[in-house]
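**Q** Below are the sequence and a predicted model for it; my questions follow.
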Amino acid sequence: MPVWSILIAPLAASVLCVAGSSTAAIRRISAAGAAATLGMSGWAGCSVLLHGPISGGGLRLDALGVYLALIASLLSFAASLASGGFMEHEAQTENLGLNAWRVYYALLHLFTTSMLWVSISNNLGFLWIAVEATTLSSAFLVGFHRHHHSVEAAWKYVILCSVGIAFALFGTILLYYAGAKAGNGHSLDWTAFMEAAPRMDPRIVRLAFLFAFLGYGTKAGFAPMHTWLPDAHSQAPSPISAMLSGVLLTAAFYALMRFHAIAARCLGPAFPSRLFLAFGLLSLALAAPFILAARDYKRMLAYSSVEHMGLMSLALGIGSRFALYGMLLHLLCHALAKGLAFMSSGLILRGFGTRKITKVSGALSALPAAGVPFLAAVLALSGLPPFGIFTSELIILSEAFAQGRLWTGLAALALLGVIFAGLFYHALRMSFGPAREGVPRIPNQRPGFWEWTAPAACFIAVLALLGFWIPGPLDRWLMEMARIIEGAAYG
């Protein structure tokens, strides 16, 4: 099948949502479109894993691209289902009309389309356009509530990420120049750069990688370029926050992995490794005090995203195949846990009417459909066994020590301990104790089984399963992706 066919379902869903004649019709179109998108991604994934990469016209889908596509499709499907309750609540409290439903769902599927475009872009110019498209399609969703804080967060998000992406564009241009000098012609394909990398001028490639790192690193939420992230993730509707944290950051990090493979093949691993290690530790160090002192649980989850992107940066900096294996496992577990955490936090916000941690207690007894998955997600994000993030963190830290990076491993371990204490304390404080009188505030708005309970249970089950068993096909898939990032598999 053509590579671009993976984009058909979300694009069609976006168009059809604009033409929806009622809120019920829009919800059905959205759910069907998200299910079709997930199905197409799964079909493409099976084809790639069984028969090898699919290429054509500046597009390419390999094992690493399929991984991003499936994560994006899965989170999009869950967000689409969860958005129905969110929009019903907003319609009651904010008096939203039919056009608001059309805009919200159309942008949600357009956002999904742009992230899938990232996953199939072999041409680095297409990759840059696709990453920028994720910003443009999601900015209006960040400011969906149209109050002062959400509009400010949306503008901050657009401006900082656009400045960052301009750096990435300059890095792409420099890489094109280095490739042209090395006989790469006019090609911007990642596979062509991988072929030409040993012949490219190291000085130009080093500068190109530095600009690309700063550009895509801003979008990935690395400190100190992360300042847009806490505002955007906390102000966006909760299903959108789940996609921003679980997929948008991953898409930017995916672009960095592609550039890392080229740089490592041209320069050797030392130069990119130093950058990833430094920014990884800085991200962990910055996230720790903000999580400890958190007052807003959505901002707490946003700073947790900074932490986890920092940890994945650390793993990429360590650079061994097993560290990359742990990083890729962590990427999946983080997407599932953060999607679960943000969507359940939206239900807590609807029930308690506040985002302040000190004003939420007894969530397990008052709102079990929200409290149970929220507690499970936060415990998973804190790295507690038996969840998969414990396994991935253990792999990454073990590799830090095994590769002789003693002080890096010790610093990361200490910072993760501080973050664990903060997340654990806040989660227990919100989950247990007496519930406030009058909670839930809107008792007739219970999340549906298929809209929320079943997806949440599946996410928790997968997170727990990956904590003690990695299926053979997934194990081989993770190893194949680690080889791609190393530069050993790109044909």
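**A** Received, thanks.
**Q** ok, how many other residues are close to Met243?
**A** Look at Met243: counted by other Cβ atoms under 10 Å, it has 29 neighbours. Yep, even glycine has a C-beta here, placed from its N, CA and C like the rest.
**Q** got the contact list for it?
**A** Residues in contact with Met243 (Cβ atoms under 8 Å, 6 or more residues apart in numbering) are Leu75, Ser76, Ala79, Leu108, Phe111, Thr112, Ser138, Gly339.
**Q** Any idea how far the helix or strand encompassing it is from the middle of the chain?
**A** Secondary structure from DSSP states H and E places Met243 in helix 238-243. With Cα atoms, centre = their mean, to the nearest Å as the basis, helix 238-243 stands 10 Å off its chain's centre.
**Q** cool, stretch 265-274 as well?
**A** The chain centre lies 25 Å from the centre of stretch 265-274; the measure is Cα atoms, centre = their mean.
**Q** again with stretch 335-348
**A** Relative to its chain's centre, stretch 335-348 lies at 13 Å (Cα atoms, centre = their mean).
**Q** now stretch 148-159
**A** Chain-centre distance of stretch 148-159: 19 Å, with Cα atoms, centre = their mean.
**Q** just to revisit the earlier point, what's the most distant pair in the contacts of Met243?
**A** The distance between the two most remote of the contacts of Met243 (Cβ to Cβ) is 15.0 Å, for Ser138 and Gly339.
**Q** got a list of what Ala377 touches?
**A** Contacts of Ala377 by Cβ under 8 Å, 6+ apart are Ala337, Lys338, Leu340, Ala341, Ser344, Phe459, Ile460.
**Q** where's it, which helix or strand?
**A** Using DSSP H and E, the element containing Ala377 is helix 368-381.
**Q** pull the longest helix from this protein.
**A** helix 148-181 (DSSP state H).
**Q** residues of the following helix or strand past it that come out buried?
**A** Counting by DSSP H and E, the next helix or strand C-terminal to helix 148-181 is helix 190-196. Buried residues in helix 190-196, counted by 16 or more other Cβ atoms under 10 Å: Trp190, Thr191, Ala192, Phe193, Met194, Glu195, Ala196.
**Q** ok, the second one touching Ser121?
**A** Spelled out, that is Thr191. No. Using Cβ atoms under 8 Å, Thr191 is not in contact with Ser121; the gap is 11.7 Å.
**Q** In the next helix or strand after the helix holding Ala377, which residues are buried?
**A** Note on helix 368-381: by DSSP H and E, the next helix or strand toward the C-terminus is helix 388-402. Under the neighbour-count criterion of 16+ other Cβ under 10 Å, helix 388-402 has Gly388, Ile389, Phe390, Thr391, Ser392, Glu393, Ile395, Ile396, Leu397, Glu399, Ala400 buried.
**Q** So for the second one, what's the pLDDT?
**A** Per-residue confidence at Ile389 stands at 97 (pLDDT).
**Q** could I get the buried residues of helix 190-196 as CSV with pLDDT and distance to Leu349?
**A** Conversion of the buried residues of helix 190-196 to CSV gives the following (pLDDT from 0 to 100; distance: Cβ to Cβ, whole Å):
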residue, pLDDT, distance to Leu349
Trp190, 94, 41
Thr191, 92, 45
Ala192, 92, 48
Phe193, 94, 45
Met194, 93, 46
Glu195, 92, 50
Ala196, 92, 51
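**Q** and the gap between the closest residue in space to Val151 that isn't next to it in sequence and Ser150?
**A** Once flanking residues are discounted, Val151 sits nearest to Gly143: 4.8 Å by Cβ to Cβ, 6 or more residues apart in numbering. Separation of Gly143 from Ser150 (Cβ to Cβ, to the nearest Å) stands at 5 Å.
**Q** Pull the contacting residues for Val247.
**A** By Cβ under 8 Å, 6+ apart, Val247 lies in contact with Leu68, Ile71, Ala72, Leu75, Ser76, Met115, Ala335.
**Q** Tell me which helix or strand the fifth one sits in.
**A** This points to Ser76. Going by DSSP H and E, Ser76 is part of helix 63-94.
**Q** circling back: find the residues that touch each one of Thr191 and Ser121.
**A** By Cβ under 8 Å, 6+ apart, the residues touching both Thr191 and Ser121 are Arg60.
**Q** for the contacts of Ala377, which one is nearest Ile262?
**A** Of all the contacts of Ala377, Ile262 sits closest to Lys338, with 28.6 Å by Cβ to Cβ.
**Q** phi, psi of Asp296?
**A** Asp296 has phi and psi values of phi -120, psi 120 when expressed as degrees, to the nearest 10.
**Q** just Ser121 next, same as before
**A** Here is the backbone geometry of Ser121 (degrees, to the nearest 10): phi -80, psi 110.
**Q** how near is it to Ile173?
**A** Taking Cβ to Cβ as the measure, Ser121 falls 16 Å from Ile173.
**Q** Can you pick out the residue with more neighbours from these two?
**A** Ranked by neighbour count (other Cβ under 10 Å), Ser121 and Ile173 place Ser121 first, with 27 against 16.
**Q** Grab the nearest non-local neighbour of that one.
**A** Excluding the flanking residues, the one nearest Ser121 by Cβ to Cβ, 6+ apart is Leu127, at 4.0 Å.
**Q** which secondary structure element contains that neighbour?
**A** Take DSSP H and E as the rule and Leu127 turns out to sit in helix 124-142.
**Q** Just want the angle from that helix to helix 148-181.
**A** Interaxial angle, helix 124-142 versus helix 148-181 (axes from the mean of the first three to the mean of the last three Cα atoms, to 10 degrees): 180 degrees.
**Q** Give me the helices and strands touching helix 124-142, please.
**A** For helix 124-142, the packing partners by 3 or more Cβ pairs under 8 Å, 6 or more residues apart in numbering; DSSP states H and E come out as helix 98-120, helix 148-181, helix 190-196, helix 202-220, helix 238-243, helix 249-267.
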